[in-house]
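Asker: got a predicted structure plus its sequence, pasted below:
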Amino acid sequence: MVEELVGVVAAVGAGALVYVASAARVVKQYERGVVFRLGRLHGDVRRPGFNLVIPAVDRMRKVNLQIVTMPIPAQEGITRDNVTVRVDAVVYFKVVDPSAAIVNVEDYRFAVSQMAQTSLRSIIGKSELDDLLSNREKLNQGLELMIDSPAVEWGVTIDRVEIKDVSLPDTMKRSMARQAEADRERRARLINADAEYQASKKLAQAAHQMADTPSALQLRLLQTVMAVAAEKNSTLVLPIPVELLRFLERGAQPAAERAGRPQEAGDAESAGQARDAGDAESTHRAQPTDRAVIEERAVDLTEQAGEAMERLRRAVEQ
């Protein structure tokens, strides 16, 4: 009798153990459990931890509440300015209502993926190429709103949407490269023209300054000759500017004027003597003497100019 009682207790205990094992459900921290009793939603969402359900009557489905990262396959479309592009993106979403995610939609992941692809193609058709390349923040916000509107009914919220890459045809890439090259060349030409304009203004100021002091031009010429001679060239071309000749000419004019003053004085004196005494021969005698003085002065100036050029040549050779 005792043995039979012990066997019954053992059988009941084993059955209870089997029942508890089949009814036990463990929900993880990042999950929630939705229980269906005889096909109907029963009770509240089960919290994380140990939970019991009725075997063969209740069925629990676990829903992950973590943020899901879902890549959107590349979608090909035509932009508003008639450019064919391929755009791929990524969407981040999570479940906020486990019951709606199970009851209202068959597969919320597949539904979000299809809605994201459709919305991405719609965004491509409404945008221009420049917006896809440079104004992605605005497009991301518009794409997020388009996906989030129907996803609310599925118990899903869209965290964010990011456009990853925009693929352009090779012809468009070459066109954009030529455009960028032309724009940079235009900017380079403008900068070069502005530099030439500023340099011309400075050169004009320097020319006016050298016109006031001709010796500065000679010093500048010597500096240029020294810079060229520093390269140790076998042949040196030395230009003689017209301004230098004018400088020498200006230096010769005062000497000629000083030499002509005695001539004029002599002519006046001779003319007075001729008028007083009527002696025309004295006038003819004075003129050859004055001409000889002028010729002698001119020869001296020529020799001085030659000596200056010789010193300049020696300085260049050194």
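Answerer: Happy to help now that I have it. Residues are numbered from 1 along each chain as shown.
Asker: and residue 163, helix, strand or coil?
Answerer: For residue 163, the secondary structure call by DSSP: H, G, I helix; E, B strand; the rest coil comes out as strand.
Asker: wait, what's in contact with it?
Answerer: With C-beta atoms under 8 Å, 6 or more residues apart in numbering as the criterion, the residues that contact residue 163 are 87-89, 132, 136, 139-140, 143. All C-beta spots, glycine's among them, are computed from the backbone N, C-alpha and C.
Asker: any of those buried? List them.
Answerer: By neighbour count, with 16 or more other C-beta atoms under 10 Å, the contacts of residue 163 hold 87, 89, 132, 136, 139-140, 143 as buried.
Asker: returning to that earlier point: sitting in strands, which of the contacts of residue 163 do you find?
Answerer: Of the contacts of residue 163, the ones assigned to strands by DSSP state E are 87-89.
Asker: need those in JSON lines with pLDDT, can you?
Answerer: Listed next are those as JSON lines, based on pLDDT from 0 to 100:
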{"residue": "87", "pLDDT": "92"}
{"residue": "88", "pLDDT": "91"}
{"residue": "89", "pLDDT": "93"}
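Asker: could you dump these to a markdown table with distance to residue 215?
Answerer: Rendered in a markdown table, the data for those read as follows (distance: C-beta to C-beta, whole Å):
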| residue | distance to residue 215 |
| --- | --- |
| 87 | 73 |
| 88 | 75 |
| 89 | 75 |
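Asker: among the buried ones among the contacts of residue 163, which lie within helices?
Answerer: Using DSSP state H, 132, 136, 139-140, 143 are the members of the buried ones among the contacts of residue 163 that sit in helices.
Asker: per-residue pLDDT, the most centrally placed residue in the chain?
Answerer: The geometric centre of the chain, computed from its C-alpha atoms, lies nearest to residue 184 (C-alpha atoms, centre = their mean), at 9.8 Å. What the model reports as pLDDT for residue 184 is 92.
Asker: between the ones in helices among the buried ones among the contacts of residue 163, which sits nearest residue 190?
Answerer: Ranking those by separation from residue 190, with C-beta to C-beta as the measure, puts residue 132 on top at 29.8 Å.
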